[in-house]
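Student: sharing a model prediction with you, sequence too.
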Amino acid sequence: MKDRIIVIALGGNALIREGQKGTIAEQFENIRKSLDGIVYCLKQGYAVIITHGNGPQVGNMLLMSDAGRNQVPELTLSICVADTEGAIGYMIQQSLTNRLRKEGIDRCVVTVVTQVIVDKHDKAFSNPTKPIGPFFTKEEAEYFRQEKGWHIVEDSHRGYRRAVASPNPIGIVEERAIKKLLEAGDIAIAAGGGGIPVVMREDGDLEGVDVVIDKDLASGILARGIKADCLMMLTNVEHAFLNFKQSNEHALGRLTIDDAKKYMKEGHFPPGSMGPKIQAAINFLDWGGRSAIITSLDKVKEALQGNTGTIMVKGL
């Protein structure tokens, strides 16, 4: 296995950008535009693992399942997560394979449909807080609340969305296979959308559960398991901020664990956006990782060089 391993978590804007419908053609094009940073990491000698989000895609699949409920059996949330993990993995896999061929880089890109273990006693099961899927009007939201029993929340004053439980990830079932891919010099796409949530039954069998796992927290668990050097989370902003979008907002450059924990307690990182990224970074560094980086898709090179992004370390 190579000396340096980086886990790159692609945010939702790598797949569907603001104002787009999210067609397959749009998603392919967006993915192709997001590959520069990955290629740069490979050329710098990193072994690369890619993770990604899937929130809009899972929500759309649930709507399609509901629309066809009179013709075909409905799909469970865990099956929708599995389907989108495979589909998005395929799009990234094909796009990256094509790009590597043009770059003269001989690597195999493999999508691992990944199961991620959660604790069946996690208190999050009784507290659905994670919004998924599209926005609804109040009338649409009421229909899904009454007819489907969905838990509906108002999301950032933009409309109503379905909310589901989001327990913390505690283990990656396919971790050994992912390590083998790295040892072979290949590129793994894993834990897509946070992975398929599973619990372990009393007899040791795994069983899917209809919740979702935050993809940044899952990426951190994966990074810990494979002993990665760096966890890089790519989103639509160049830095994490204090007082985000306020008159006194402040971009964070180099950040220690202690400061990050302090800012978390002060409420600077909302749970629905930057909060999980900061928590994933804290966890990863506490477990022994060297650095965690939060930046935008187009700033990978500059962030790795230490010239931009929020770079979290154990201490200065």
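Tutor: Nice, thanks for sending it over.
Student: residues touching Gly289, list them.
Tutor: Listed by Cβ atoms under 8 Å, 6 or more residues apart in numbering, the contact set of Gly289 reads Ala223, Arg224, Ala228, Asp229, Cys230, Leu231. For the C-beta atoms, the positions are set from N, CA and C on the backbone; glycine is no exception.
Student: spit out the contact partners of the residue nearest to the third one when sequence neighbours are not counted.
Tutor: Yep, that's Ala228 we're talking about. With Cβ to Cβ, 6 or more residues apart in numbering as the measure, Ile5 is the residue that lies nearest to Ala228, at 4.3 Å, once sequence neighbours are left out. Contacts for Ile5 were tallied using Cβ under 8 Å, 6+ apart; they are Tyr46, Ala47, Val48, Ile49, Leu182, Ile226, Lys227, Ala228, Asp229, Cys230.
Student: quick revisit: most neighbours among the contacts of Gly289, which one is it?
Tutor: Within the contacts of Gly289, most neighbours by other Cβ atoms under 10 Å means Leu231, with 31 neighbours.
Student: for it, name its beta-bridge partners.
Tutor: Beta bridges link Leu231 to Val7, Ala292 when assigned by DSSP bridges.
Student: need the pLDDT of it.
Tutor: Predicted confidence (pLDDT) for Leu231: 98.
Student: residues touching it, list them.
Tutor: Residues touching Leu231, when contacts are defined by Cβ under 8 Å, 6+ apart, comprise 6-7, 9, 219-220, 223, 280-281, 284, 289, 291-293.
Student: if we use 10 Å, what do you get?
Tutor: Contacts here follow Cβ atoms under 10 Å, 6 or more residues apart in numbering; on that basis Leu231 touches 5-9, 49, 51, 216, 219-220, 222-224, 277, 280-281, 283-285, 289-294, 312.
Student: distance of it relative to Phe136?
Tutor: Taken as Cβ to Cβ, to the nearest Å, the spacing of Leu231 relative to Phe136 amounts to 34 Å.
Student: same check, this time on Ala191
Tutor: Separation of Ala191 from Phe136 (Cβ to Cβ) stands at 28 Å.
Student: try Glu142
Tutor: The gap separating Glu142 from Phe136 is 9 Å, by Cβ to Cβ.
Student: okay, and the common contacts of these two?
Tutor: Once Cβ under 10 Å, 6+ apart is applied, the residues that Glu142 and Phe136 both contact turn out to be Ile152, Tyr160.
Student: so for the closest residue to Gly225 other than its chain neighbours, what's the pLDDT?
Tutor: Sequence neighbours aside, Glu175 is the residue nearest to Gly225 in space, at 4.6 Å (criterion: Cβ to Cβ, 6+ apart). Note for Glu175: predicted pLDDT of 97.
Student: Gly272 too?
Tutor: 70.
Student: walking through the stretch 1-150 of the chain, point out its strands one by one.
Tutor: The residue ranges that make up the strands of the stretch 1-150 of the chain, judged by DSSP state E, counting those that start in this stretch, are 5-10, 47-52, 109-111, 115-118, 130-136.
Student: show me how this protein divides into domains.
Tutor: The record's domain split for the chain, according to the TED database, is 32-44+52-126+164-226, 228-315.
Student: which among those domains is found nearest to Ile132?
Tutor: Taking Cβ to Cβ as the criterion, domain 32-44+52-126+164-226 is the member of the domains of the chain that comes nearest to Ile132, at 4.9 Å.
Student: next, the contact list for the closest residue to Ile226 other than its chain neighbours, please.
Tutor: In space, Ile226 comes closest to Lys179 once its chain neighbours are excluded; the distance is 5.7 Å by Cβ to Cβ, 6+ apart. Lys179 makes contact with Met1, Ile5, Ile49, Ala188, Gly225, Ile226, Lys227, according to Cβ under 10 Å, 6+ apart.
Student: what about Lys179, distance to Met64?
Tutor: For Lys179, the distance to Met64 (Cβ to Cβ) stands at 36 Å.
Student: what ranges of the stretch 101-250 of the chain fall below the confidence cut-off?
Tutor: Per-residue confidence of the stretch 101-250 of the chain (counting by pLDDT under 70) places the weak regions at 156-157.
Student: neighbours of His151, just the number please.
Tutor: Using other Cβ under 10 Å as the criterion, His151 is surrounded by 15 other residues.
Student: burial count for the nearest residue to it once chain neighbours are set aside?
Tutor: The spatial neighbour of His151 that comes closest, neighbours along the chain excluded (Cβ to Cβ, 6+ apart), is Pro128 at 4.3 Å. Taking other Cβ under 10 Å as the neighbour definition, Pro128 ends up with a count of 19.
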